[in-house]
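Enquirer: 3D model of this:
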Amino acid sequence: MLDDSVLDDQRRIFELDTGGLLRMAALGGAQVRAAASAASEAGVDDLAGYKPRALVLLSTSGVGPATCRLLAALLGSSCPVPVVTTDVVPTWVGPLDVVFAYGADGGDTSLAESLELATRRGASVILAAPDEGPVGAAAAGRAKTISPRIPVPEPLSIAHAFTAGVRVLTALGLLDTDTDALADALDEQAERSHPRHEISENPAKTLALRLADRIPLLWGVDGPSTAVAEHGSFVLGRYAGIPCDVTDYQQSVHRAALYRAAATVGSEADLFADPTEETTAGWRVVLLSTRDGERARFTERTATAALPGADVLAPNESQQGDGVRSSLCLAVGFDMAAVYIGLASDSLNGDDRPVSAAR
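Expert: Below is the predicted model:
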């Protein structure tokens, strides 16, 4: 159970956070700057003007799967290049293709085998992973490697993985992103989520209180927000021990029994409801929206009208107007909320070990 008194006690939070997880969760802006710099040094800009036959987004675990799906969703159906999101490199990959791979662990032999195949077949490979183990060996001298430089636990590294991918997509001319503005937006969000700010003024604490001791139904109104929900589910499971249901809103409608039950769930009105009183009392329906484009806004309006008791999780005004920025800000917001819940409910179970050095 969450002890909500801890959330407004800065001294107590710092005492509980022996591994410095909150500080590391607040380093999203630093991760963006470091990844952008590492990408430049690795020669990612050499891809400028190249038109690949296909773009393969490859990852097996950690923050990678959600990151790759988010990148693909941001490109959308109008992308001029076929995009494949996978955990194993396709057997047809060849010299006309670009492979962006993310590795959570340098010892991932499955990823190493995929990298070996892709490089042997002549594909252009960009790897965001620690330069070590079988993964590092498979990429050595044959791939552009963007290694993490900011020492954070892997579950809190989506800013690194995402920025590395965005730099690749930007070099290929598929996205147009200002990484400096992206980093600044994360810095501003981290400042507002600092433990010194009370719950009413702190977006991460507010989200933590909304999700703690609940079963969140994280439903995205479009592709990017659904990918963000997937990351939210991952990090909430990792640090807060919270199981989540994740899908896009359109699919949720077709799960008729669950959808009808969700429509009866209240929001702030049942914040202190007894979960034993009824089946849905412990649920929290959260509609995620990047508010990027009229289609996302229309689906958000439709969903909120059909689910009046649902919470809406969306970027603030300064974060809107750019799908890349709004998506990453929402994702990193889940990181900080998950850590707050873990600290205030004692659910970290040893997962607060400090990280000694960047790899």
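Enquirer: gap between the two ends of stretch 103-116?
Expert: End-to-end span of stretch 103-116 (Cα to Cα, to the nearest Å): 14 Å.
Enquirer: can you give me the buried ones in it?
Expert: By 16 or more other Cβ atoms under 10 Å, the buried positions in stretch 103-116 come out as 103-106, 108, 111-112, 114-116. C-beta here means a position set from N, CA and C on the backbone, and glycine is covered the same way.
Enquirer: do stretch 163-181 as well
Expert: 163-172, 174-175, 177, 179.
Enquirer: likewise for stretch 222-240?
Expert: 222-236, 238-240.
Enquirer: sorry, back to before: among the buried residues of stretch 103-116, which ones are in helices?
Expert: Members of those lying in helices (criterion: DSSP state H): 111-112, 114-116.
Enquirer: which of the buried residues of stretch 103-116 lies closest to residue 245?
Expert: Set against residue 245, the nearest of the buried residues of stretch 103-116 by Cβ to Cβ is residue 104 (23.7 Å).
Enquirer: what about that closest one, distance to residue 147?
Expert: Separation of residue 104 from residue 147 (Cβ to Cβ, to the nearest Å) stands at 13 Å.
Enquirer: got it, and residue 195?
Expert: In terms of Cβ to Cβ, residue 195 sits 30 Å off from residue 147.
Enquirer: and the least confident of the buried residues of stretch 163-181?
Expert: Across these, the smallest pLDDT goes to residue 177, namely 92.
Enquirer: mind listing what it touches?
Expert: Residues near residue 177 by Cβ atoms under 8 Å, 6 or more residues apart in numbering: 166, 169-170, 322, 324.
Enquirer: could you rerun that using 7 Å?
Expert: Shown in contact with residue 177 (Cβ atoms under 7 Å, 6 or more residues apart in numbering): 166, 170, 324.
Enquirer: from residue 59, how far off is it?
Expert: Distance, residue 177 to residue 59, by Cβ to Cβ: 20 Å.
Enquirer: and whatever helix or strand residue 136 lives in, what does it pack onto?
Expert: Using DSSP states H and E, the element containing residue 136 is helix 133-139. Packed against helix 133-139 by the contact rule (3 or more Cβ pairs under 7 Å, 6 or more residues apart in numbering; DSSP states H and E) you find helix 109-120.
Enquirer: straight-line length of stretch 242-249, end to end?
Expert: Across stretch 242-249, the terminal residues are separated by 21 Å (Cα to Cα).
Enquirer: hey, where'd the strands end up in the stretch 151-300 of the chain?
Expert: Assigned by DSSP state E, counting those that start in this stretch, the strands in the stretch 151-300 of the chain fall at 215-220, 245-248, 283-288.
Enquirer: let me have those strands in TSV, extended by mean neighbour count and distance to residue 209.
Expert: Putting these into TSV (neighbours: other Cβ atoms under 10 Å; distance: least, Cβ to Cβ, whole Å) gives the following:
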stretch	mean neighbour count	distance to residue 209
strand 215-220	25	12
strand 245-248	19	20
strand 283-288	25	11
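Enquirer: now tabulate these in a markdown table and tack on distance to residue 258 and mean pLDDT.
Expert: Shown next, in a markdown table, are these (distance: least, Cβ to Cβ, whole Å; pLDDT from 0 to 100):
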| stretch | distance to residue 258 | mean pLDDT |
| --- | --- | --- |
| strand 215-220 | 8 | 97 |
| strand 245-248 | 8 | 97 |
| strand 283-288 | 10 | 95 |
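Enquirer: turn the ones you listed into CSV, including distance to residue 143.
Expert: Formatted as CSV, those follow (distance: least, Cβ to Cβ, whole Å):
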stretch, distance to residue 143
strand 215-220, 32
strand 245-248, 31
strand 283-288, 33
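Enquirer: and those strands: which comes nearest residue 330?
Expert: Here strand 283-288 is closest among the strands of the stretch 151-300 of the chain (Cβ to Cβ), at 6.6 Å.
Enquirer: against which helices or strands is that closest one packed?
Expert: Short answer (3+ Cβ pairs under 7 Å, 6+ apart): strand 283-288 packs on strand 215-220, helix 223-239, helix 294-306, strand 311-313.
Enquirer: and those, which one is worst for confidence?
Expert: helix 294-306 (a mean of 90).
Enquirer: list the contacts of that helix.
Expert: 221-222, 249, 263, 287, 289-291, 310, 312.
Enquirer: quickly list what residue 215 is bridged to.
Expert: residue 283 (DSSP bridges).
Enquirer: circling back: mind putting the buried residues of stretch 163-181 in CSV, distance to residue 186 included?
Expert: As requested, the buried residues of stretch 163-181 are exported to CSV (distance: Cβ to Cβ, whole Å):
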residue, distance to residue 186
163, 10
164, 15
165, 16
166, 13
167, 16
168, 19
169, 19
170, 17
171, 21
172, 24
174, 22
175, 17
177, 13
179, 11
